[in-house]
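*Asks:* missing the sequence, but the structure's below:
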């Protein structure tokens with residue numbers, strides 16, 4: 001509870017850009033909207049500066065309990081790099097979850113860069129494939145969730161205008177608390193250079 005308050009959960013819940021109102025039944029749309037957040041807080045991760053999508057995925061899976069807590073109530077982890085055979089080609093979903101309240105699969109794509117419209121087309125394809133291959137009797141249609149480093153909300157809204165599947169787009173944040181703490185305790189570059197110069201002069 002304390003963490004949720006500190007991470008401004010109330011302000012983030014239901015803020016993802018979605019097309020749920022147009023793509024989901026009315027009774028599911030509101031719940032689906034409130035299920036997503038924007039931005040997601042990945043402050044439980046410690047990442048190097050120039051990390052890539054695989055490293056982010058690895059880190060989230062390694063901290064799956066914390067990730068599930070951040071996603072919220074109802075998310076159940078299914079797997080990572082989930083294989084899909086479509087025609088003669090193979091595809092792999094970054095992360096797959098099942099939501100026990102929405103009764104549907106949640107297809108998650110991770111992007112460590114700023115949102116680009118073409119990301120939606122790929123996720124739309126994955127959600128379609130999951131519906132055809134994994135969704136069974138009693139399941140509701142799958143939902144896509146694109147989590148990216150940053151986004152322009154207007155571009156995100158335009159990108160969802162004509163897609164066929166329900167998709168949400170959200171950003172994520174990494175905490176700078178540790179780096180700031182260490183920055184205060186570590187010597188500056190100038191101090192290090194000065195010390196190295198002193199060592200060289202004593203030789």
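*Replies:* Received the coordinates, thanks. Model, not experiment: these values are computed from the prediction.
*Asks:* mind listing what's buried in stretch 110-126?
*Replies:* When neighbours are counted by 16 or more other CB atoms under 10 Å, the buried residues of stretch 110-126 are found to be 110-112, 115, 119-120, 123-126. To be clear about C-beta, it is placed using only N, CA and C from the backbone, and glycine gets the same treatment.
*Asks:* before we move on, what about stretch 127-144?
*Replies:* Along stretch 127-144, the positions that meet the burial threshold by neighbour count (16+ other CB under 10 Å) are 127-131, 134-135, 140-144.
*Asks:* try stretch 47-63
*Replies:* Within stretch 47-63, the residues scored as buried using 16+ other CB under 10 Å are 56-57, 59-60, 63.
*Asks:* contacting residues around the lengthiest helix in the chain?
*Replies:* With DSSP state H applied, the helix covering the greatest number of residues in the chain is identified as helix 118-133. Residues lying outside helix 118-133 but in contact with it, judged by CB atoms under 8 Å, 6 or more residues apart in numbering, are 84, 86, 91, 93, 96, 105, 107, 109, 111, 141-144, 146, 148, 159-160, 163-167, 169.
*Asks:* filter the residues you listed down to the buried ones.
*Replies:* Using 16+ other CB under 10 Å as the threshold, 84, 93, 96, 105, 107, 109, 111, 141-144, 146, 148, 159-160, 163, 165-167, 169 are the buried ones among those.
*Asks:* just the ones in strands from these, please.
*Replies:* Secondary structure from DSSP state E places 84, 93, 96, 105, 107, 109, 111, 143-144, 146, 148, 167, 169 of those in strands.
*Asks:* any idea how far the residue most central in space within the chain is from residue 54?
*Replies:* Against the mean C-alpha coordinate of the chain, by CA atoms, centre = their mean, the closest residue is residue 147 at 3.2 Å. Noted for residue 147: a distance of 15 Å to residue 54, by CB to CB, to the nearest Å.
*Asks:* can you list the weak-confidence ranges in the chain?
*Replies:* For the chain, the stretches with pLDDT under 70 are 1-10, 176-203.
*Asks:* could you redo the last one with a cut-off of 90?
*Replies:* Under the criterion pLDDT under 90, the flagged ranges of the chain are 1-15, 26-28, 46, 48-49, 174-203.
*Asks:* tell me where it has helices.
*Replies:* Assignment of helices within the chain using DSSP H yields the ranges 2-6, 9-12, 20-23, 26-35, 53-62, 64-71, 118-133, 153-160, 177-185, 189-201.
*Asks:* okay, the angle between the fourth one and helix 64-71?
*Replies:* Translated: helix 26-35. Interaxial angle of helix 26-35 relative to helix 64-71 (axes from the mean of the first three to the mean of the last three CA atoms, to 10 degrees): 120 degrees.
*Asks:* quick check: buried residues in helix 26-35?
*Replies:* Buried residues in helix 26-35, counted by 16+ other CB under 10 Å: 28-29, 32-33, 35.
*Asks:* tell me the one of those nearest residue 152?
*Replies:* residue 33 (20.0 Å; CB to CB).
*Asks:* tell me the contacts of the closest one?
*Replies:* 14, 16, 18, 20-21.
*Asks:* restricted to buried residues, select these in PyMOL.
*Replies:* With 16+ other CB under 10 Å as the criterion, this PyMOL line picks the buried residues out of the contacts of residue 33:
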select buried, resi 16+18+20
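*Asks:* great, nothing more from me.
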